[in-house]
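# sequence and predicted structure below; questions after.
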Amino acid sequence: MNSTYGWLYQKYAYPLLEKQREKAREEMKALCRECGLDPEQQLTFTDQMEYSSFRAGAAAFSIGIYFGIQFVSNPFFSKLKETMERYQIDL
């Protein structure tokens with residue numbers, strides 16, 4: 001992975017994603033309490049919600065890869081990429 005992207009992910013994206021995950025977990029727990037679910041039902045509900053989140057994330061990732069490939073294959077953007085490589089940050 002490009003080191004700049006890795007750094008951006010670690011410093012910006014990952015902390016935001018963790019905050020979102022924690023908030024989602026808290027909301028699921030609150031919903032389980034509100035609905036009076038027993039522990040087995042809570043586990044089933046939580047598993048189903050996390051699986052749905054995983055599937056949606058995988059779908060969004062694959063769409064991003066598709067658009068990235070289209071972007072890079074365009075001659076104009078390939079030239080743009082070459083000119084921007086000198087600004088690459090290597091950590």
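The structure has been received and is ready for your questions. Not measured: the values here are computed from a predicted model.

# quick one: buried residues of the one helix or strand Ala60 maps to?
Ala60 is located in helix 39-73, with elements delineated by DSSP states H and E. Residues of helix 39-73 classed as buried: 42, 46 (neighbour count, 16 or more other Cβ atoms under 10 Å). Where you see a C-beta, it was placed from the backbone N, CA and C, and this is true even at glycine.

# state the mean pLDDT of it.
Mean per-residue pLDDT for helix 39-73: 84.

# ok now it, how far from the chain's centre?
Chain-centre distance of helix 39-73: 8 Å, with Cα atoms, centre = their mean, to the nearest Å.

# could you do stretch 16-35 as well?
The answer for stretch 16-35 is 17 Å, by Cα atoms, centre = their mean.

# could you do stretch 9-21 as well?
Relative to its parent chain, stretch 9-21 has a centroid offset of 9 Å by Cα atoms, centre = their mean.

# how many neighbours does the residue nearest to Phe71 when sequence neighbours are not counted have?
What sits nearest to Phe71 in space, not counting adjacent residues and going by Cβ to Cβ, 6 or more residues apart in numbering, is Phe77, at 5.3 Å. As a burial measure, Phe77 scores 12 neighbours (other Cβ atoms under 10 Å).

# could I get the pLDDT score of Phe77?
At Phe77, pLDDT is 70.

# helix, strand, or coil at it?
helix (DSSP: H, G, I helix; E, B strand; the rest coil).

# ok, now how distant is it from Ile63?
18 Å (Cβ to Cβ, to the nearest Å).

# do the same with Ala56
Distance of Ala56 to Ile63, given as Cβ to Cβ: 11 Å.

# shared neighbours, these two?
Contact with both Ala56 and Ile63 is made by no residue, according to Cβ atoms under 8 Å, 6 or more residues apart in numbering.

# centroid-nearest residue for this protein?
Relative to the mean C-alpha position of the chain, the nearest C-alpha, by Cα atoms, centre = their mean, is the one of Gly57, at 6.0 Å.
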